[in-house]
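Enquirer: Predicted coordinates and the sequence they were generated for:
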Amino acid sequence: MTLDLAAAEVLATAVERPWDRPDRFWASFDEATRDHPAPVVALSVEALSRNAHDLLRRAGGLPIRVASKSVRCRAVLDAVLALPGYRGVLAFTLAEALWLAERIDDVVVGYPTADRTALAALGRSERAADRIAVMIDSEDQLDLIDAAIRPGERVRIRVCLDLDASWRTRALGHLGVRRSPIRTPEQLRALAETVVRRDGFELVGLMAYEAPIAGVADRAAGRAEGALLRAVQRASAAELAERRAAAVAAVSETARLEFVNGGGTGSIERTVSEPAVTEVAAGSGLYGPHLFDHYTSFSPAPAMAFALDVVRKPTPDRAVLLGGGWIASGPAAPDRLPVPVWPPGLAFEPREGAGEVQTPVRGSAARGLGAGDRVWLRHAKAGEPLEHTAEVVPVRADGTALAPIPSYRGEGRCFL
C-alpha cells in the first residue's frame, strides 16, 4: 500500500494536533492495533506527515536526502520521496543501496564498504552504477573496489568523499564520531586527484556529517550543562562552515561535484545556511524518537511507538511485559532505553530495565493492568525498532488502522 503524506498534512492541520493530547493519542494507537499480535509497531500517519513537512520547512528549500537507516521501511521512503523537496536516499550499506536502487534512482551509500559480493554486483550493473554513489575516505578503498570487480565486468563507479566534521580543541580533545581520516582541504584535494586519475571511477559528491551538532541534544538536564553544550556546538559549526567551504573549493578545482551533503535532523537550520552545501540529510526526525525530545530548535511529533503485552502480575503494583529489550545503539546509558508512554505513570524496575524476554514495569498505572492489556513505549532512536518486527501498522488519529506495511525485515532483508 502507499501512504499519502500530502493528504495527511491537510488533515493534521485542519484539526487539533492529536499528539498534543497524549492520553487520546496513545489510546488511539491501542484501539487501532488491538487485532494485531504484540509486539506491534504503530506509525501515526498524521504525525509522520507533520514531521516530514516540518523538516522541509527547516531546510528552507534545500533538498533533503532521506537517511534510510532511520526509516527501514520502503513504503515510508516512497511516501516521503513523493513530497516535493525530498530527493534521494542516504543508504547505510551497499547491499541495501542495490536493493533500493531497483526503484529509487539516486542513492548514496553513507559509509565505505568491504562487501565484495555487493561490489561485484555493482560492477556488473550499469543501471545500478548510474544510480548509486559509494563512499570512500582513502585510496585503499579504491583498491578494494578494483579487486572485487573483474576487469571484463567493469562499469564506471560513482564516488563520494567523506570529510571528517568533528571538532578538536586542546581543552576538550576530539568531539564527534570517529569517521573519515580526511580532515583538511589539502587532504581532500589529494584524495580527489587520486580518484580522478584512477580508471573506472567518477568523483560526484562530498559528504560531511556534523555529529556533535546534529546528533547531540542541546537541551541538557542541567541549565549550565545545556548552555555549555550549545556554546560548543556554535563554535564547532563556525569552524566546520569555514573548513567545509574551503574543502569544497579545493575539490572543485579537480572535479565538478553533483552534490555536497551535510547535516542531520538535529542541525538542518545551521547546515542549510552554508552556501557550500547543496543538500541535507535527515531521517530520525520523521519518526520523532524520544532522544529528539531534547533539542531547543525543533520539536518532532512522536510518530512511532511499539506495544508489548502484559503477561503476569508479580505484585499488585507491578506488571510484567513479554519482551522489551529494544535498546538503542550508542553508549550504554539510561537514555538508550525505551520510554513507557501509555498508560502514563509507568517506570522500569531499576535492577532489570528492559529485558530480552520480559520487562517488569511498576507505578500507580500498573495496578490497573491485567494479563492481555498492553503498554506502549517509545524507542530512543528511529529505525532500530523495525529490526524487531516484520511490519508496521499505520494508524489514524481517529483510532483506525490502515493495512500493515512491511519493514525491511518483513521483506526478508537484514543489512545490519
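Expert: On my side now, so go ahead. Everything numeric in this text was worked out from a predicted model, so none of it was measured.
Enquirer: In the chain, where is pLDDT below threshold?
Expert: Applying pLDDT under 70 to the chain flags residues 1, 7-16, 153, 168, 170-176, 211-237.
Enquirer: For residue 386, see how far away the most centrally placed residue in it is.
Expert: For the chain, residue 70 is the residue whose C-alpha lies nearest the centre (Cα atoms, centre = their mean; 2.6 Å). To residue 386, residue 70 is 10 Å away according to Cβ to Cβ, to the nearest Å. Any C-beta I mention is one placed from the backbone N, CA and C, and that applies to glycine too.
Enquirer: How about residue 241?
Expert: Separation of residue 241 from residue 386 (Cβ to Cβ): 34 Å.
Enquirer: repeat for residue 154
Expert: 35 Å.
Enquirer: Ok, residue 200 next?
Expert: Residue 200 sits 36 Å away from residue 386 when distances are taken as Cβ to Cβ.
Enquirer: can you check residue 145 too?
Expert: Here the criterion is Cβ to Cβ. By it, residue 145 lies 30 Å from residue 386.
Enquirer: cool, residue 267 as well?
Expert: 24 Å.
Enquirer: Kindly report the same for residue 67.
Expert: 14 Å.
Enquirer: In the stretch 1-150 of the chain, mark out all the strands, start to finish.
Expert: Here the stretch 1-150 of the chain has its strands, by DSSP state E, counting those that start in this stretch, at 40-44, 64-67, 86-91, 107-109, 132-136.
Enquirer: er, the stretch 201-350 of the chain actually
Expert: 201-208, 259-262, 279-282, 304-312, 318-322, 339-342, 347-348.
Enquirer: Make TSV out of these and add mean neighbour count and distance to residue 39.
Expert: Shown next, in TSV, are these (neighbours: other Cβ atoms under 10 Å; distance: least, Cβ to Cβ, whole Å):
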stretch	mean neighbour count	distance to residue 39
strand 201-208	22	35
strand 259-262	24	34
strand 279-282	26	27
strand 304-312	22	6
strand 318-322	22	8
strand 339-342	21	14
strand 347-348	18	16
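Enquirer: circling back to that earlier point, so which of the strands of the stretch 1-150 of the chain is nearest residue 255?
Expert: Among the strands of the stretch 1-150 of the chain, the nearest to residue 255 by Cβ to Cβ is strand 132-136 (12.6 Å).
Enquirer: And the closest one, how far out from the chain middle?
Expert: Mean-position distance between strand 132-136 and its chain equals 18 Å (Cα atoms, centre = their mean, to the nearest Å).
Enquirer: Give me the contact list for that strand.
Expert: Contacting residues not belonging to strand 132-136 are listed as 94, 97-98, 101, 107-113, 122, 142, 145, 157-162, 191, 195, 204-205, 207 [Cβ atoms under 8 Å, 6 or more residues apart in numbering].
Enquirer: Now do stretch 407-416: distance from first to last residue.
Expert: 14 Å (Cα to Cα, to the nearest Å).
Enquirer: next one: stretch 76-94
Expert: End-to-end for stretch 76-94, by Cα to Cα: 20 Å.
Enquirer: Isn't residue 318 up against residue 358?
Expert: No. Here residue 318 does not reach residue 358: they are 11.5 Å apart, not a contact under Cβ atoms under 8 Å.
Enquirer: which residues sit in contact with residue 126?
Expert: residue 155.
Enquirer: Run through the residues that contact residue 339.
Expert: Listed by Cβ under 8 Å, 6+ apart, the contact partners of residue 339 are 290, 377, 378, 380.
Enquirer: contact partners of whichever strand or helix holds the second one?
Expert: Right, the one you point to is residue 377. Assigned by DSSP states H and E, residue 377 belongs to strand 374-378. Strand 374-378 is contacted from outside by 26, 29-30, 38, 289-290, 302, 304-310, 319, 321, 324, 326, 338-343, 346, 361, 369, using Cβ under 8 Å, 6+ apart.
Enquirer: any idea of the angle that strand forms with strand 318-322?
Expert: Compare the direction of strand 374-378 with that of strand 318-322 by axes from the mean of the first three to the mean of the last three Cα atoms, to 10 degrees and you get 70 degrees.
Enquirer: Okay then, goodbye and thanks.
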